[in-house]
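Asks: 3D model of this:
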Amino acid sequence: MKVSNETKIGALTVIAVTLLILGFNFLKGKSFFKTGNFLYAKYSNVKKLNLSDPVYINGFQVGSVYETEAEDKGLKNIIVSIKLNSSYNIPVNSLASIESNPLGGSGIDIALGNSNKYLSSGDTILSSNNSGLFGSITDKIIPVADQLKVTLISLDTLLRNFNTIIDPATKGNLQNTMRDLSKAAANMVVSTASLQSLLNTETGSLSKSLDNVNKFTKNLADNNEKITSALSNIDSTTAHLSKADINGVVNNFKVSANKLNELLAKVNSTDGSIGALINSKELYNNINNSVRSLNTLMDDLRVHPKRYVNISVFGKKDKANYLTGPLKDSTNTH
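Replies: As a prediction, this is how the structure comes out:
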């Protein structure tokens, strides 16, 4: 039986295509026949996980992603098939999480658990939607970038509107305002220099004030014993005062004051001897007349001594008239 050339070319083409598909899948880590150790993980978001993406345990690649398929038509859960390079003892409580890297491809990292039981081929490993360090950074940067884009668009619109409403007069006012702000900044620099001079550790007024305060506190510290003694004396004095019979002393003062008032009342009245003596006008006149008569007698004795002393030394007895009143130069009484 003779085979035609067309049949040979067709057969070779099929074989070549088959080998190409098998080689391509082999390079991607997917064999034509599904053999080997497989684990399955379920995720709600595979974060653009591709076939043949590596699977690591403690940084060591133990396998690769064999395929991904949706669990249902709603795409709420996606099942990832993991093909292991060999049979490994992976605890049943290990956790497989997808780590996305913005600088490269994604991958699956398996954190080993501490269970004594191990997963067998075909088991489902616990999964986590943790995106890793780079994934977390990316998840945080993307919303910020979107918000920044919206903000820049709004800012551009605002600047366009601002340029349309500003007229030359408004621009001039803004320039004047900026000039005033420049002057205010210059004044602030001068004020800052003055404040620095005030705070200068050697010549500043604040430094001198603090030095005086230090001297004052040093004097207080040096005289601490004296101050303590003075406070002790004050405390002792206040203790004595608190123990003193203040009420009794006050009552005695009240009694003495009442007696003095009674005495003064008796002196002011004419019932007693002292009151009668002080308040009697007649007694006052008699005493006044007696003093005046005594002064008159003394003046007469001084002017006419012969009338009262009869001694031959003075000659004859003076018979002149008697004085009827004191002399004006010898008394102040009229």
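Asks: domain parsing of this structure, as residue ranges.
Replies: According to automatic domain parsing, the chain comprises the domains 1-33, 34-130.
Asks: tell me the most buried of these?
Replies: Neighbour counts (mean count of other C-beta atoms under 10 Å) averaged over each of the domains of the chain peak at domain 34-130, with a mean of 15. All C-beta atoms are positioned from the backbone trio N, CA, C, and that covers glycine.
Asks: in the stretch 51-200 of the chain, what residue spans correspond to strands?
Replies: Secondary structure of the stretch 51-200 of the chain (DSSP state E, counting those that start in this stretch): strands at 54-57, 60-70, 78-84, 95-99, 107-111, 126-128.
Asks: out of these, which is closest to T192?
Replies: strand 95-99 (52.7 Å; C-beta to C-beta).
Asks: that closest one pairs with which strands, and in what direction?
Replies: strand 107-111 (antiparallel), strand 126-128 (parallel) (DSSP bridges).
Asks: what's next to stretch 48-60, contact-wise?
Replies: Contacting residues not belonging to stretch 48-60 are listed as 28-30, 61-68, 80, 82, 84, 88, 90, 96, 98, 100, 105-110, 112 [C-beta atoms under 8 Å, 6 or more residues apart in numbering].
Asks: helix/strand/coil for T217?
Replies: helix (DSSP: H, G, I helix; E, B strand; the rest coil).
Asks: just to revisit the earlier point, wait, which of the strands of the stretch 51-200 of the chain is closest to N223?
Replies: It's strand 107-111; of the strands of the stretch 51-200 of the chain, that one is closest to N223 (C-beta to C-beta) at 72.1 Å.
Asks: count of residues packed around T228?
Replies: 10 (other C-beta atoms under 10 Å).
Asks: so where does it fall, helix or strand?
Replies: Taking DSSP states H and E as the definition, one finds T228 inside helix 224-243.
Asks: and that helix, average pLDDT?
Replies: Here helix 224-243 scores 84 as its mean pLDDT.
Asks: please apply the same query to stretch 300-311.
Replies: Rounded mean pLDDT across stretch 300-311 is 71.
Asks: what does stretch 116-129 give?
Replies: 89.
Asks: contacts for it next, please.
Replies: 36-45, 82, 84, 87, 89-98, 110.
Asks: recalculate using a threshold of 7 Å.
Replies: Applying C-beta atoms under 7 Å, 6 or more residues apart in numbering, the contact partners of stretch 116-129 are 37-45, 89-97.
Asks: and it, end to end?
Replies: Using C-alpha to C-alpha, to the nearest Å, the end-to-end distance of stretch 116-129 comes out at 25 Å.
Asks: how distant is that stretch from the center of its chain?
Replies: 55 Å (C-alpha atoms, centre = their mean, to the nearest Å).
Asks: so who does the closest residue to V46 other than its chain neighbours touch?
Replies: Closest residue to V46 apart from its sequence neighbours, by C-beta to C-beta, 6 or more residues apart in numbering: I78 at 5.2 Å. Residues near I78 by C-beta under 7 Å, 6+ apart: Y43, V46, T68, A70, E71.
Asks: quick one: pLDDT of the fourth one?
Replies: Just to be clear, that refers to A70. We have a pLDDT of 88 for A70.
Asks: distance of it relative to I78?
Replies: In this view, A70 and I78 are 6 Å apart by C-beta to C-beta, to the nearest Å.
Asks: same thing with the first one?
Replies: Relative to I78, Y43 is positioned 5 Å away (criterion: C-beta to C-beta).
Asks: next one: the third one
Replies: In this structure, T68 and I78 are separated by 6 Å, where distance is defined by C-beta to C-beta.
Asks: okay, and the common contacts of the two?
Replies: The contact sets of T68 and I78 overlap at V46 (C-beta under 7 Å, 6+ apart).
Asks: state the helix or strand in which V267 lies.
Replies: helix 246-268.
Asks: my read: N93 touches G113, true?
Replies: Yes - shown here, N93 and G113 form a contact pair, counting by C-beta atoms under 7 Å, at 3.3 Å.
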